[in-house]
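K.L.:
Kindly generate the corresponding structure for this input.
(one chain, ligands or ions: 2)
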Amino acid sequence: MERQKLILDCDPGHDDAVAILLAGRAPGLELLGITVTAGNQTLEKTAQNALRVVQWLGLDTPVYAGCDRPLVRDKIVAGNIHGETGLDGPVFPSLERTLRPEHAVQYLIRTLLASEGDITVVTTGPMTNLAMALRLEPRIAEKIRRIVLMGGSYTNGNVTPAAEFNILADPEAAHICFSAGRPVSMIGLDVTRKVLCLPEIVERMARVNTGASRLFVDLMGHFCRTQKEVFGWDGAPLHDPVTVASLLDPDLVRFKPMNVRIDLRSEQSYGRTNCDYFGYLGLPATADVAVDIDVPRFWDIVEEALRRYE
Ligand code: RIB
Ligand code: CA
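P.N.:
Ligands and ions are numbered 1, 2, ... in the order given. The predicted structure follows:
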């Protein structure tokens, strides 16, 4: 089986950690590298969290730190959800892994330029690193097979009524990525809020009884509690792993081509992904937007991933 190459750009973050877990040993994927951006927490914390996760899982994937702030707007974090460390909950052993010295933006440019145009870039945090790479070296655009992002929504947001965190944290970066002229799969809240990690799901994954399942359970312990506190959910929506899962099973997520534009101008709706669901504007589609997901299949994919680790 030919393994699909991907770079995962993330801001760990509890759900980012599960996305790393899904990609790390997936038979059909080759995780070339993990690039990290500020987002759920400061870059210093998200980078350390990415290292903690690859160390816990025993992955050799290189980790590169990237941009520590958005392109234009002021920085925001999501400590109310992910805690002070950005990955509150699990008790990690002392960190031995270290970051690669190359900046994530330079890694993205170098790797994409040297590629055969067969790399999918998955982003599960603010899109700052990819946007910077596209501006620094526009030639990488033709080398990106597809951009698959967790972000946005064609309904409402989760930080403001209009905007979802990953887009709102750096709307200008999202605009650069959406307008790069490459295929885009936008997996937004409309679908990720359908995969709620309910107590019975946590119990199911705990029975897998591997190191990965123990990490999953410890992560969900915190993530589910804060999601309940903030949103009242009975289970945490497992946003980020849906990106990787959609690569593992092309039938998992149903997409609808839409014209998507990022609102950079308005005050109330700044950072909104304006998705023309019904084609009112008659403009060309700029993204494949996720509109539905096979929820039972998604949890099967998560369980299968947990079983791939000791
Ligand atoms: O809005 C959810 C997204 O914001 C997820 O990627 C979560 O990790 C945070 O980055
Ligand atoms: Ca994230």
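K.L.:
can you map out the helices along the stretch 151-300 of the chain?
P.N.:
In chain order, the stretch 151-300 of the chain shows helices spanning 165-168, 171-178, 189-192, 199-206, 211-231, 241-248, 295-306, with DSSP state H, counting those that start in this stretch as the criterion.
K.L.:
Please put the alpha-carbon coordinates of the first one into PDB.
P.N.:
The C-alpha atoms that make up helix 165-168 are tabulated as PDB, following Å, rounded to 0.1, in the frame of the first residue of the first chain:
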ATOM      1  CA  PHE A 165     -10.800  29.300  17.400                       C
ATOM      2  CA  ASN A 166      -8.300  28.100  14.800                       C
ATOM      3  CA  ILE A 167      -9.500  30.700  12.300                       C
ATOM      4  CA  LEU A 168     -10.100  33.500  14.700                       C
END
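K.L.:
Is any residue of it near ligand 1?
P.N.:
Yes - for a cut-off given as C-beta under 6 Å from any ligand atom, helix 165-168 has contacts with ligand 1, namely 165-166. Glycine gets a C-beta too; all of them are placed from N, C-alpha and C.
K.L.:
Please see if that helix touches ligand 2.
P.N.:
No - looking at helix 165-168 against ligand 2 by C-beta under 5 Å from the ion, there are no contacts, and the closest approach is 6.3 Å.
K.L.:
Find the helix or strand that residue 53 is a member of.
P.N.:
Applying DSSP states H and E as the criterion places residue 53 in helix 43-57.
K.L.:
next one: that helix to chain centre, how far?
P.N.:
Once both centres are worked out by C-alpha atoms, centre = their mean, to the nearest Å, helix 43-57 turns out to sit 15 Å from its chain's centre.
K.L.:
That one vs helix 211-231, what angle?
P.N.:
For helix 43-57 and helix 211-231, the angle between their directions (axes from the mean of the first three to the mean of the last three C-alpha atoms, to 10 degrees) works out to 140 degrees.
K.L.:
Please export the C-alpha coordinates of helix 43-57 as CSV.
P.N.:
Extracted C-alpha coordinates of helix 43-57, given in CSV (Å, rounded to 0.1, in the frame of the first residue of the first chain):
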residue,chain,number,x,y,z
LEU,A,43,4.4,28.3,21.5
GLU,A,44,6.8,27.4,24.3
LYS,A,45,4.0,25.2,25.8
THR,A,46,2.6,23.8,22.6
ALA,A,47,6.0,22.8,21.4
GLN,A,48,6.9,21.1,24.6
ASN,A,49,3.5,19.3,24.5
ALA,A,50,4.1,18.0,21.0
LEU,A,51,7.5,16.6,22.3
ARG,A,52,5.7,15.0,25.3
VAL,A,53,3.2,13.3,23.1
VAL,A,54,5.7,11.8,20.6
GLN,A,55,7.9,10.7,23.6
TRP,A,56,4.9,9.1,25.3
LEU,A,57,4.0,7.2,22.1
